[in-house]
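K.L.:
Just the structure for this:
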Amino acid sequence: NIKTGKLKIVDVLSMYSRARNELAKLSSDLSNLGARQRRLTVEEEAVMKELISTKEEFDRINQEAADLDNKLSAAKKQQEDLESELNKKEIELSDTERTIGEIKARCLSLESRLALLQEMVKRYEGFGSGSKAILVEKQENRLGIPGVCGAVAELIDVRKGYETAVESILGDLLACIVVEDRKSAMDLVRYLKERNLGRATIVSLDYLEPSVTWTEDITPQQGLLGRLEDFVETQERFKNLARALFNNVYLVKDLHDVQDVKTGQLTNAALVTLSGEVFRNGFLTGGAQNQGADPGILSRRIQIQETGEELLRIRAESGKLEGLKESITRQGNELVDRINISAEILKQDEITLANKKSRRENTAAALRKVKDELSLLAMELEEVRGEIDSSKTKQAICESDVKRLDEENNNTQNVIASSQSFVETAIKR
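P.N.:
Numbers count the residues shown, from 1 in each chain. As a prediction, this is how the structure comes out:
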C-alpha cells in the first residue's frame, strides 16, 4: 500500500503540476485577452468617434454640394436671362441703327431736295431769260438801275394750300418785274436790248390805278370760296399791284362748282379751282401736270419751308435715336460685363462644386472604410469575448482539478503515513 500510494502521489503531483501550469497559462491568456479587449474597446471608441466625425463631415459636404448645386441652377437661369436680355438689346440696337440709316438717307434726300429748290430759287428757274437776267444782276448788285422792286412772285405771300390756284391765274406774270416808275421800266428794256439778254414783262407801280373793277357783291354760294386776292398778302405799297393781278378773279373748290357759280352772279369773272383749273371768258384751262415736273414758282417757297421743317424734325428725331442708340449700346456693354462676370463666377462655382462632389465621394469612401473597420473591430471583440469566456471556463475547471488533486494528494499522504506507522508498529512487535 505504501508503495502504491507513493506511485499514486507521483502521478497526482504530476497531474497537479500540469494543472497548475495550465492554470498559470490560462491566467496569462486571460490577462492578455483582457488587455486585448481593452485595446479593442479603445480602438472601437476611437473608430466610433471617427465614424461620427466622418458622417458629420459627409453630411456637411453633401449639404454644401446641394446648396451650391441650387446656387448654380439659379446662376445659370440668371445667365440665360441676361443673354436673352442682351439678345433683345442687340435686336433693338440693330432696329435702331437701321432706322437711323433710313433717317440719314431721308436727310440726305431732303438736303439734296432743299439744295435743289434753293438753287432753283436762287437761279430763278422757270423765269424768262430777260426776267432771270435782271433778277440775277440785281441779286449780285451789278444791275446799276434803281427802282427795281423784284419779281411778282417775290412780292406776294400766298396762303398755304392756294399756291396752285395763284400760279395758274398769274402764269408768266409771276416772273413780271415790278419797278417804282416808268423811267426804271424804260432803263430795264434798254438794258436787255443792249446786252441781248432776252425779253421781260415789266410793270411800273406808278402806272397802276388805285381802283379796280370788281363784280358786285355776291351772295355766298356752295363751292365759292371768295376773291382770290383775299388769299394773298403783300406790302401796302403793292396793294394796287395785287388788285390789278387778281381783278375779278374768284376761287372755287373744284370743277363741279364752276358751272353752278357761272350760272349765278359771276358771269364775267374768272374762276380758278384749288387744283389750278381756270375758267375765263369761256375758256377752260386744266388737266394733269406732267409727272416729275418741277414745282411751280410759288410752290417752291412752300416746299423749301416744308422741306426745311421736315429736315429739322428728322434731324431732331435722328438725334434722339442716336441718343437711344448710345443708351442701348451702353446697356448692352453693361450686360456683356455682367454676363462675363456671371460666367466667371459660374465657372468658379462649377469647379467648387466638382471639388465638393469629389470630396463627398472621398468622404463617402472613408465613411465606408470606417464602417468596415468598426465592423471588423466588433467581430474581433466578439471573438475575444468568446475566448475570454472559454478561458474562464477552462480556468474554473483547472482550479477544480487542482483542488481535487490537492485533496487526493493529501488523502494519499495520510494513507501512506498511516501505513508507515502500522509497519513501524508491526516491526517493533
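K.L.:
so where do the strands sit in the protein?
P.N.:
Assigned by DSSP state E, the chain shows strands spanning 148-151, 156-158, 177-179, 202-204, 224-227, 232-234, 249-252, 270-273, 278-280, 283-285.
K.L.:
Flag the shaky bits of the stretch 301-429 of the chain, pLDDT-wise.
P.N.:
429 (pLDDT under 70).
K.L.:
Which positions are bridged to the residue nearest to Val166 when sequence neighbours are not counted in the beta structure?
P.N.:
Excluding the flanking residues, the one nearest Val166 by C-beta to C-beta, 6 or more residues apart in numbering is Val158, at 5.0 Å. From N, CA and C alone the C-beta is placed, and that goes for glycine too. Beta bridges link Val158 to Val232 when assigned by DSSP bridges.
K.L.:
All further residue positions should be reported with the first residue as 668.
P.N.:
All right, first residue 668 from here; so that's Val825.
K.L.:
Excluding chain neighbours, what is closest to Gln1080?
P.N.:
Nearest-residue entry for Gln1080: Ile676, 6.8 Å, with adjacent residues in sequence omitted and distances by C-beta to C-beta, 6+ apart.
K.L.:
Just confirm that neighbour contacts Asn1078, I think it does.
P.N.:
No: assessed by C-beta atoms under 8 Å, Ile676 is found out of contact with Asn1078, at 10.0 Å.
K.L.:
So those two - more neighbours on which side?
P.N.:
Ile676 (17 against 13; other C-beta atoms under 10 Å).
K.L.:
can you pull the contacts of the more buried one?
P.N.:
1076, 1079-1080, 1083 (C-beta atoms under 8 Å, 6 or more residues apart in numbering).
K.L.:
and Ala691, which of the strands of the chain is closest to it?
P.N.:
Ala691 lies closest, by C-beta to C-beta, to one member of the strands of the chain: strand 823-825, at 143.8 Å.
K.L.:
just how off-centre is that closest one within its chain?
P.N.:
Offset of strand 823-825 from its chain centre (C-alpha atoms, centre = their mean, to the nearest Å): 53 Å.
K.L.:
how close does Glu975 sit to Glu984?
P.N.:
Just so we're on the same page, residue 975 is Gly rather than Glu. As judged by C-beta to C-beta, to the nearest Å, Gly975 and Glu984 stand 15 Å apart.
K.L.:
whoops, I mixed them up, Ser1088
P.N.:
With distances taken as C-beta to C-beta, Ser1088 is found 150 Å from Glu984.
K.L.:
gap between Leu1044 and Glu1050?
P.N.:
Computed as C-beta to C-beta, the Leu1044 to Glu1050 distance reads 10 Å.
K.L.:
To clarify, my last question referred to Ser994.
P.N.:
Taking C-beta to C-beta as the measure, Ser994 falls 82 Å from Glu1050.
K.L.:
and if you look at Asn1076?
P.N.:
38 Å.
K.L.:
Also Ala741?
P.N.:
Ala741 is 54 Å from Glu1050, by C-beta to C-beta.
K.L.:
The two: which has the busier surroundings?
P.N.:
Using other C-beta under 10 Å as the criterion, Ala741 and Glu1050 rank with Glu1050 on top: 13 against 10.
K.L.:
For Lys1095, give me its contacts.
P.N.:
Counting by C-beta under 8 Å, 6+ apart, there are no residues that Lys1095 touches.
K.L.:
Buried residues, stretch 833-848. List them.
P.N.:
For stretch 833-848, the neighbour count (16 or more other C-beta atoms under 10 Å) marks 833-837, 841-846 as buried.
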